[in-house]
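Asker: Provide a 3D model corresponding to the input given below.
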Amino acid sequence: MGVPARRAQSEAFRVMAATPSPCCGSSRALPDIPPLPELHFAEIPRRRGCVTPATASAPVVLLHGIGANSLHWRYQLAGFAGRFYVVAWNAPGYMLSDNLRADTPSGQDYADALDDFLKAPDIAGFAVVANSFGTRVAQSYAYHYPGRIGRAVFTGTSLARAAPPEERAQALRARAAMIERGGYGFGERVAALLGAAASPQTIALVQHTLRATNPTGFMQAARFVTGGETPSLGAGLTMPCF
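Answerer: Reported below is the predicted structural model:
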């Protein structure tokens, strides 16, 4: 039997351990910027993913937005370390995580991918902090795996809604235009995401995060979000949610 559509075929699972690394491609970190962990490997059946952990006790899982990745959580990883066991995932198709096999993944696909992801560090119950696209993943996970999320914090919450086919197609064309020059070119979107008063350091950090975007994974996530295939609002969200 072949590998299920939502799975990728690789067997390595990429993780990051808490070892400092330079920021933004420089040979030295910028001042006052917490270092990110280095990349290491762990094994997980049938797929490869990558993750940034900061070690401690109670698990907190960080789920990034559609144009981001685990680098987005640099300050949260540093701030929560020592109090919580913090894990920032890279969704399928982000950073060095394998793409899902389906061109248009479902909420079940992302929920199952997150469940596979959590098995590598042996996380059962956990709190979640999610942004944008990550909140859609969290909603799907809460619906398909009830009782696993103890608490949730959502920012820039993404909600499924019915939309005419042409509106969905237009939204996808806009997403495709954003990424048409590849991940490095995607970094130019920094101007649309930050205000005019943003510091050069903030611009560099956000641009660095954006440039790690893989077009295939980005468009898979865009099709999922645009398709509106998500449990009804609040379904599965039985935990305290902010």
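
Asker: Strands of this protein, start to end?
Answerer: 12-17, 38-43, 50-54, 58-63, 84-90, 126-131, 149-155 (DSSP state E).

Asker: helices and strands around the last one, which ones?
Answerer: Applying 3 or more C-beta pairs under 8 Å, 6 or more residues apart in numbering; DSSP states H and E, one finds that strand 149-155 contacts strand 126-131, helix 133-144. C-beta coordinates here come from the backbone N, C-alpha and C atoms, glycine included.

Asker: Of the ones you listed, which is nearest residue 81?
Answerer: strand 126-131 (14.0 Å; C-beta to C-beta).

Asker: and residue 106, how many residues sit next to it?
Answerer: The number of residues packed near residue 106 is 18, by other C-beta atoms under 10 Å.

Asker: How about the contacts made by the nearest residue to it once chain neighbours are set aside?
Answerer: Using C-beta to C-beta, 6 or more residues apart in numbering and skipping the chain neighbours, the partner closest in space to residue 106 is residue 229 (5.5 Å). Neighbour list for residue 229: 106-107, 160 [criterion: C-beta atoms under 8 Å, 6 or more residues apart in numbering].

Asker: From those residues, pick the one nearest residue 220.
Answerer: residue 106 (10.8 Å).

Asker: and the closest one, what pLDDT?
Answerer: pLDDT recorded at residue 106 is 94.

Asker: any idea how far it is from residue 195?
Answerer: According to C-beta to C-beta, to the nearest Å, residue 106 stands 36 Å off from residue 195.
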